[in-house]
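Engineer: Quick one: sequence and predicted model below, then my questions.
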Amino acid sequence: MHGRVKVRSTAEQEEAKKIQRDKKLQGYKLTIARLQEKRVNGEFDDEALELSSKLLSSNPDISTLWIYRKEIIENLSKGDDSQGNLDKLYSQELSLTESCLRENPKSYGVWNHRRWLLEFKDCDSEWCRELDLCTKFLELDERNFHCWDYRRIVVNHGTATSREEFEYTTKQIENNFSNFSSWHYRSKLLTSIHPAKDNESDPSKLNSSFLEDELELVRNAYYTDPSDQSVWFYHRWLLGLRTPQSYNNQCEIIRICAKRNDHIAVSLTTPIKSNRISLAVNEEVDKNNDWNSLDTRSRNVSSRLWIRHLDSTSTSPYKIRISVLASNNGDEIQDSQTLDIPEDDSREIVYHSDGLDFRRVFQPADTSKQVLQTELKHLKELEEIEPDNKWIILTTIDVMRAVDAVAYMVDVEEKLQKLIEIDSLRYNYYKDIQSKYLIENHLLKARIPSLNNTNKLLDFVDMSGDGGVCMKEDHKSMDHVDLSGLGLTRLSHCNLLIGITHLNISWNNLTTLNGSRALFHLYYLNADDNSLIDISDIRYLSMLKYLSLRHNCLQKSEQLEPLDNRSFIECLMDGNEHIGD
C-alpha cells in the first residue's frame, strides 16, 4: 500500500468541498460585515478599497460595493492627496474593472463603474484606449450588448466618427449576419450620417441610392439565413413599416365629436398633453384647459383621446374649431378641424367631423411605394424558396399593407391564416393581428363606398325597436358599426371609433371589452355570443342604454359589478332580462 495515492470516496470529496465552501462563505460574510460597518462609520480609506477589491475580483456583480468605491474615490479626491496619488488610484481602479470584465464581461455594475470613473476623472485622452478595449471584448463576444452600449458612449466622447463606426458595423455584420446589436447600432448611425430634415429617426428620408445599397445588404442577409430574426427587425425599421406618426412629434386630428351644449371629444394620431389642444367656439379661443383623457380619466397625461365640457347654452348654430399646437403652450398649429353645430332641434344628436383618411393612419405616409413594391417582389421570390418561413410571411404582410391595404386584403388574410397553421405557438398573437387588420379593413372600406353595397358599415335591426338616438342621416355610416361574426379576439382602434352610437360585436371570440371606454357616445351595444369574462370598461359608457351580453362567460357576481347602479332601457343577459325605468 505504500507509495500509492489514496483516492477519497465520493462522500469524503463532498465533505471536503462543503468545508471549503463554508470557510469561504464565512470569510465573505465577515468581509461584507466589515465593509458595511466602515461605510456606516464614514470610513473612506485604503482598507475599504482593498477589502472590496478582493470581493469584487471574485464576484463583480455586488453593486453596493461599486457604490461604496465611488464614495471612497470622491472623498479621497477632495482630500489632501497629491495628484500623483490620485492618478495611481484611478489607474488601479481601471485595472480592477478590466480584470472584473474578464471575469464577467456582461456585468452591468462593472461597465457602469468604468464609465463613471472616466467621466469623474474628466480626461479626454483616457477615452481613446476605451475604443480598443471595446473592440477586444467584441472579438470575444460579438453579441455583448453591454459592450455595444459602452462603445456608443465612448464614441460620443469623440474617439471615432459616425462613418468609421458605420464601417465597423458593416464588418461585424458581414462576419455574422445574426448580430442584432450590430444592426441596432447601425440604425442609430444611419440616421446620424443621413439625418432627416426634422432630425428625427426617419429612414424613409434617406438618399434613394444609399437606401438601395442598404437594402442590398439586408437582402444578402435574409437570403443567407431567412430564419434569423435580427435582419428582419432591421429590415422592418429600414422600410419604415410603422405608424408614420411614431417617427416624429407630428400629430393630426382623426375625428371630432360633440353633443350640443354638453361636451366635445377629439381623437388624435399621437398621444399629446392637453395643453397642446386649442378650442375655439365661433372663432373665440377658450383659454380654459379643462380637457380630460378618455383613456385614464386624468389630465396630467399624454393621450390620443380627450374630452371636455362645452359651456355654450346657445340654441343658434355655432362653429367649433379644434387645433393641435406644435409645442406645449405654443402658437404654431400642426393640424386643425372644424365642426358645425346646427340650430337646436331638441334632439339628442352626436355630431362629428369626417376626420382623417384612415389610410394615412394605417399606411406609412413617406415611404416610397416604388421601394416597397420592389421589396415585395424580392419577398415573394424568397417565399417560393422558403414557403413556410414565418418571418418572410409576416414581413410580406406588412409590406403588402404598406403598399395598398385595400388591394391586398384577401392576400393578407390568407397569409395570416397560414401563419396560424405553421406557427401554432403564437396562435393568439396572430389572431390579435388578424383582429386588428379586420377592423382596419372595415374602417378603410367605410371611406371607399365602391367597396360596399351601401354607404353604411352596418345594416341591422336596432334592439330598441325605435332607432335609438337620432343621427344626421349623412353621418349614419360612421355612427353604426357592425363587426359581428369576424372572429375578433380583441377590440383595436377604438380611438378611431369615437362618436359611434351603435356597435354590434356579437359572434366573435372576445374575452374582454378593454379599450371600449373610448366609445363614450355608445348608446347601443350587442356583445352576444363571445367569451367575455371582463366587461369593466362598461362603467365608463355613461350614455349606454341598450346592452346585450347573452351567451358569454359572465358567471361570477364580481364580473357583473360594472352594471351595478346603472339604468338601462334594456339589458339582456343569460337567463334573465333587465328592463330600465
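Structural biologist: Right, received. Where do you want to start?

Engineer: Distance of residue 484 relative to residue 517?
Structural biologist: 21 Å (CB to CB, to the nearest Å). To be clear about C-beta, it is placed using only N, CA and C from the backbone, and glycine gets the same treatment.

Engineer: quick one: secondary structure of residue 142?
Structural biologist: Secondary structure, DSSP: H, G, I helix; E, B strand; the rest coil: residue 142 is coil.

Engineer: which secondary structure element contains the closest residue to residue 169 other than its chain neighbours?
Structural biologist: Leaving aside its sequence neighbours, residue 169 sits nearest to residue 186 (CB to CB, 6 or more residues apart in numbering; 4.4 Å). According to DSSP states H and E, residue 186 maps onto helix 180-193.

Engineer: for that helix, packing partners?
Structural biologist: Packed against helix 180-193 by the contact rule (3 or more CB pairs under 8 Å, 6 or more residues apart in numbering; DSSP states H and E) you find helix 145-154, helix 162-175, helix 229-239.

Engineer: Which among those helices is found nearest to residue 415?
Structural biologist: Smallest distance to residue 415 across the helices and strands packed on helix 180-193 (CB to CB): 15.1 Å, for helix 229-239.

Engineer: circling back: helix or strand next in line after the helix holding residue 186, which one?
Structural biologist: helix 208-224.

Engineer: Out of the helices and strands packed on helix 180-193, flag the one nearest residue 537.
Structural biologist: Ranking these by proximity to residue 537 (CB to CB) places helix 229-239 first, at 31.4 Å.

Engineer: May I see the helices and strands packed on helix 180-193 arranged in TSV, with mean pLDDT, distance to residue 560 and mean neighbour count as well?
Structural biologist: Below are the helices and strands packed on helix 180-193 laid out as TSV (pLDDT from 0 to 100; distance: least, CB to CB, whole Å; neighbours: other CB atoms under 10 Å):
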stretch	mean pLDDT	distance to residue 560	mean neighbour count
helix 145-154	95	48	19
helix 162-175	94	56	16
helix 229-239	92	43	20
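
Engineer: what does stretch 70-86 rub up against?
Structural biologist: Residues outside stretch 70-86 that contact it (CB atoms under 8 Å, 6 or more residues apart in numbering): 39, 44, 45, 48, 49, 89, 90, 93, 113, 116, 117, 120.

Engineer: how about a cut-off of 7 Å?
Structural biologist: Residues from elsewhere that reach stretch 70-86, judged by CB atoms under 7 Å, 6 or more residues apart in numbering: 44, 48, 49, 89, 93, 116.

Engineer: circling back to that earlier point, I'd like the helices and strands packed on helix 180-193 laid out as a markdown table, including distance to residue 301.
Structural biologist: Supplementary listing: these in a markdown table, determined by distance: least, CB to CB, whole Å:
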| stretch | distance to residue 301 |
| --- | --- |
| helix 145-154 | 30 |
| helix 162-175 | 36 |
| helix 229-239 | 28 |
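
Engineer: Compare those helices and report which one is nearest to residue 380.
Structural biologist: helix 229-239 (14.9 Å).

Engineer: Let me know the angle separating that closest one from helix 180-193.
Structural biologist: Counting by axes from the mean of the first three to the mean of the last three CA atoms, to 10 degrees, helix 229-239 points 20 degrees away from the direction of helix 180-193.

Engineer: Strands along the stretch 301-450 of the chain, start to end?
Structural biologist: Taking DSSP state E, counting those that start in this stretch, the strands of the stretch 301-450 of the chain run over residues 303-309, 318-325, 333-341, 350-352.

Engineer: ranking those by mean pLDDT, which is last?
Structural biologist: If you rank these by mean pLDDT, strand 350-352 sits at the bottom with a mean of 64.

Engineer: How much space separates residue 184 from residue 135?
Structural biologist: 18 Å.

Engineer: Comparing the two, which residue is more hemmed in?
Structural biologist: Between residue 184 and residue 135, counted using other CB atoms under 10 Å, the more crowded position is residue 184 (19 against 12).

Engineer: Just the pLDDT for that one.
Structural biologist: In this prediction, residue 184 carries a pLDDT score of 93.

Engineer: likewise the one 10 residues further on?
Structural biologist: Predicted confidence (pLDDT) at residue 194: the value is 73.

Engineer: Give me the residue ranges of this structure where confidence is low.
Structural biologist: Along the chain, segments meeting pLDDT under 70 span 1-9, 80-81, 195-208, 241-249, 297, 312-314, 328-330, 344-367, 446-478, 575-581.

Engineer: for the chain, what's the longest helix?
Structural biologist: Ordering each helix of the chain by length in residues (DSSP state H) puts helix 10-40 first.

Engineer: Quick one: name whatever helix or strand follows that one.
Structural biologist: Following helix 10-40 in sequence order, the next helix or strand is helix 46-58 (DSSP H and E).

Engineer: For that next one, enumerate the helices and strands it packs against.
Structural biologist: helix 10-40, helix 63-78, helix 83-103 (3 or more CB pairs under 7 Å, 6 or more residues apart in numbering; DSSP states H and E).

Engineer: Return the residues in contact with residue 130.
Structural biologist: Taking CB under 7 Å, 6+ apart, we find residue 130 in contact with 154, 159.

Engineer: what comes up buried for the host helix or strand of it?
Structural biologist: Counting by DSSP H and E, the element that carries residue 130 is helix 124-140. Neighbour counts using 16 or more other CB atoms under 10 Å place 126, 127, 130, 131, 133, 134, 137, 138 of helix 124-140 among the buried residues.

Engineer: And for stretch 416-433?
Structural biologist: 416, 418, 419, 420, 430, 431, 433.

Engineer: Among those residues, which ones are in helices?
Structural biologist: Within the buried residues of stretch 416-433, residues falling in helices by DSSP H are 416, 418, 419, 420, 430, 431, 433.

Engineer: coming back round to it: tell me which two in the contacts of stretch 70-86 are the farthest apart.
Structural biologist: 48 and 116 (17.4 Å).

Engineer: ok, back up a step: considering the buried residues of stretch 416-433, which is situated nearest to residue 191?
Structural biologist: In terms of CB to CB, no member of the buried residues of stretch 416-433 lies closer to residue 191 than residue 433, at 27.6 Å.

Engineer: quick one, what contacts that closest one?
Structural biologist: Going by CB under 7 Å, 6+ apart, residue 433 touches residue 416.

Engineer: Nearest to residue 426, out of the helices and strands packed on helix 46-58?
Structural biologist: Residue 426 lies closest, by CB to CB, to one member of the helices and strands packed on helix 46-58: helix 63-78, at 36.2 Å.

Engineer: hang on, the earlier thing: as CSV, the strands of the stretch 301-450 of the chain with mean neighbour count and distance to residue 279 would be great.
Structural biologist: Below are those laid out as CSV (neighbours: other CB atoms under 10 Å; distance: least, CB to CB, whole Å):
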stretch, mean neighbour count, distance to residue 279
strand 303-309, 21, 7
strand 318-325, 19, 6
strand 333-341, 16, 11
strand 350-352, 22, 15
